[in-house]
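J.: Build me a model:
(chains A and B)
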2 protein chains.
Amino acid sequence: MPEITIASRIRTSPFYDATLDAGVASFTVYNHMFMPSGYGDPEAEYRRLTEGVALWDVAVERQVEIAGPDAAALSQFVSARDLTGLRVGRARYAPMCDHDGRLVSDPVVLRVDDDRYWFSLADSDVLMWVRALAGLRGDDVEVSEPDVSPLAIQGPLANDLASDLFGRELIDSLGFFHHARVDLDGIPMVICRSGWSKQGGFELFLTDGSRGVELWDRVMDAGAAYGIGPGAPNSQERIESGLLSFGSDHDADTDPLEAGLGAYTSLEAGIDFCGKTALIDRTRRGTRRPIVNVTIDGEFEPTTRPWVALVDGDAVGELRSAVWSPRLDAWIGLAQLATPHHEPGSTIAARTESGVDVHATVTDEPFGTIRTH
Amino acid sequence: MPEITIASRIRTSPFYDATLDAGVASFTVYNHMFMPSGYGDPEAEYRRLTEGVALWDVAVERQVEIAGPDAAALSQFVSARDLTGLRVGRARYAPMCDHDGRLVSDPVVLRVDDDRYWFSLADSDVLMWVRALAGLRGDDVEVSEPDVSPLAIQGPLANDLASDLFGRELIDSLGFFHHARVDLDGIPMVICRSGWSKQGGFELFLTDGSRGVELWDRVMDAGAAYGIGPGAPNSQERIESGLLSFGSDHDADTDPLEAGLGAYTSLEAGIDFCGKTALIDRTRRGTRRPIVNVTIDGEFEPTTRPWVALVDGDAVGELRSAVWSPRLDAWIGLAQLATPHHEPGSTIAARTESGVDVHATVTDEPFGTIRTH
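T.: Residues are numbered from 1 along each chain as shown, chains lettered A, B, ... in the order given. A predicted model of the protein is given here:
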């Protein structure tokens, strides 16, 4: 693989120096920031995530904070999901759409105070998008990127580790997508039971970027008893688990229904939000190019870019991701396919970037259930 | 340097395979796309750019196209520079600001037809920002990212090479920031006398992404007579030449006046544009943290991240970039400093990421003139 250029245009995370010390081998870029993508031992990293506990620098999940008298109104306008009843200390997964119904992000929104919301972002410049809407609407709000940097602990042992760090009482009281302000030896943060895996765990939203390495070290020390080690959002596990990767799994004209997020899109609710009319129109016309799970036959390398999906030589979409699944002992992936080629049992052909011909079959059931919250 | 992860979330350019064949050694990410940042021989790459001709894959300069009956009105609203009189076949450098006057991009805008404008972007999601504005304003436009991928030839011999490729008559008629639709053996493009260096040259806006490698090879073949070789936007040359690097040289709350772009900001013109009121307010309050040129003393490595700039131990800004200048035979850089520490002759202290103490002095004159168009 080529090197990555480290320079000022792309920001470093508060945990950056700790990840270098931990032996980070590769980075990607996400929200104009470097994110560790591997530490040189993918098998150990997968095993820690699925059997133990892993520590991820996910400071790239930047927050857009909407605060002020109109915070609730604007937060609802930018969310395609009904936020009615979202209490302080709770979070919801809420797709965002533009005026034409295209997905612009799929954040988790945390209500951190009565008049303060954090949108924990995927990889797009939602900050300037929300500011444009607030500016023209004339909302009485401050829209900012606060000093908040998530550090995730993920894996079946994350609950025990968090109990050691924050006390069992707090952790037991914290349901899925519940959050609370806490500190650890004076290091301030919001802890939320959440994270981009289905292995359980927490995101520690550090609220003082000057203390990143201190927090990393503190968690690493406490995690030693559980065999903790560094890791990163994991393609194998997230595809096994059916979690959407915004920007990876679809093209730029995809709506939340095509992305399998219908359950998190409130078309029937008596609320107004950006893109609602367009989404209703899209629904009436029928889903065009849904994202589906596929199994793949052949001898090949994981995708580094989308492969054209062919049926009888005609392009019908793209095979966007292909990874080896240790759990399913098979090559699995995600494809975005024009209807009716998305139907279970349909097969597509594709050629990999190194010229290998493969065949993929749409599965009867998704590998995981899309986020069940 | 760590490796870069190549995966579907980040797009490859139409020239990607050609850059791999040419031996690309490092990438950065720009507009959710991989951009070559070096081919392993920085001295040769600098020399080709300043003495010969270099070929750059700058497909990451994505275009936002605004087309339709309200294209002129919306294009003016998103541009802090007066676009009155911009004819088809001409371009202008036009900063974009949000409602609070913050720079959101510094594109070059090409008028490609009466009712069609291309904004050739820096690294931010202007597409969704413009769509948000168009959606709420109700403009009768299509806002899209067209199939357009710039390939740049830059350097003092670029003019001769372009003349060989496209004919001397066309090239001689093409003034700075003039553009024309042409083809090369049937490969369609818009050629513009422009590019992110002060060495002269052209950007070939390829309008058929399936023909990227073909175009690259064609230009490489014709350029052999001039010693052409692959390269990339060059930090040394652009700092010597005083070209702004959006996102590198400043923080996220910087306005075009602080960025030295006052000459491209039309506060006096009888036009309305996004952020105009806020910019006038900022002007009345006085520039707060201008970007200035500095020379730097010490023995150190180039910046990989901003260094805190200190005066008597107090933070007064950041030294954002530091590079060795072959032309000036000195370490030079860019700093964003709170007034009055930006005054010529002011000195700041900084500590590099490897712990070396350096001193920098604000220069009397900028190294180059900020884009003179």
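J.: Okay, and the closest residue to residue A:113 other than its chain neighbours sits in which element?
T.: Leaving aside its sequence neighbours, residue A:113 sits nearest to residue A:88 (C-beta to C-beta, 6 or more residues apart in numbering or on different chains; 6.1 Å). Where C-beta positions appear, they are placed from N, C-alpha and C, glycine not excepted. Assigned by DSSP states H and E, residue A:88 belongs to no helix or strand.
J.: Could you verify my assumption that residue A:88 touches residue A:117?
T.: No - using C-beta atoms under 8 Å as the test, residue A:88 is too far from residue A:117 to be in contact (9.9 Å).
J.: So for those two, which residues contact both of them?
T.: Residues touching both residue A:88 and residue A:117 (C-beta atoms under 8 Å, 6 or more residues apart in numbering or on different chains): residue A:111.
J.: who's more crowded, these two?
T.: Higher neighbour count among residue A:88 and residue A:117: residue A:117, with 29 against 13, using other C-beta atoms under 10 Å in any protein chain shown.
J.: for the more buried one, helix, strand, or coil?
T.: Look at residue A:117: counting by DSSP: H, G, I helix; E, B strand; the rest coil, its state is strand.
J.: quick one: contacts for it?
T.: By C-beta under 8 Å, 6+ apart, the contact set of residue A:117 is A:65-67, A:71-72, A:75, A:109-111.
J.: Out of these, name the ones that lie in helices.
T.: Mapping the contacts of residue A:117 onto helices (DSSP state H) picks out A:71-72, A:75.
J.: which of the residues you listed count as buried?
T.: Buried members of the ones in helices among the contacts of residue A:117, counted by 16 or more other C-beta atoms under 10 Å in any protein chain shown: A:71-72, A:75.
J.: which one among the residues you listed gets closest to chain B?
T.: Chain B has its nearest neighbour among these in residue A:75, at 15.4 Å by C-beta to the nearest C-beta.
J.: Could you pull up the residues touching that closest one?
T.: By C-beta under 8 Å, 6+ apart, the contact list for residue A:75 reads A:66, A:83, A:109, A:117, A:119.
J.: want to throw the ones in helices among the contacts of residue A:117 into TSV with pLDDT?
T.: Listed next are the ones in helices among the contacts of residue A:117 as TSV, based on pLDDT from 0 to 100:
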residue	pLDDT
A:71	98
A:72	98
A:75	98
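J.: Okay, buried residues for stretch A:66-84 please.
T.: Neighbour-count burial for stretch A:66-84 flags A:66-68, A:70-72, A:74-83 (criterion: 16+ other C-beta under 10 Å).
J.: Just give the nearest non-adjacent residue to the residue in the stretch 151-300 of chain A that chain B sits nearest to, would you?
T.: Going by C-beta to the nearest C-beta, chain B is nearest to residue A:248 of the stretch 151-300 of chain A, at 4.1 Å. Among residues not flanking residue A:248 along the chain, residue B:9 sits closest, at 4.1 Å (C-beta to C-beta, 6+ apart).
J.: right, and the one you found touches residue A:245 too?
T.: Yes - using C-beta under 8 Å, residue B:9 is in contact with residue A:245, at 6.4 Å.
J.: what's the neighbour count on the residue in the stretch 251-373 of chain A that chain B sits nearest to?
T.: Nearest residue of the stretch 251-373 of chain A to chain B: residue A:304, at 4.2 Å (C-beta to the nearest C-beta). Neighbour count for residue A:304, taken as other C-beta under 10 Å: 17.
J.: Next up, the contacts around it.
T.: By C-beta under 8 Å, 6+ apart, the residues touching residue A:304 are A:353, B:6-8.
J.: And for residue A:70?
T.: Residues in contact with residue A:70 (C-beta under 8 Å, 6+ apart) are A:139-141.
J.: How about the residues of the stretch 251-373 of chain A by chain B?
T.: Proximity of the stretch 251-373 of chain A to chain B, by C-beta under 8 Å from any C-beta of the partner chain, involves residues A:252, A:274, A:303-306, A:320-321.
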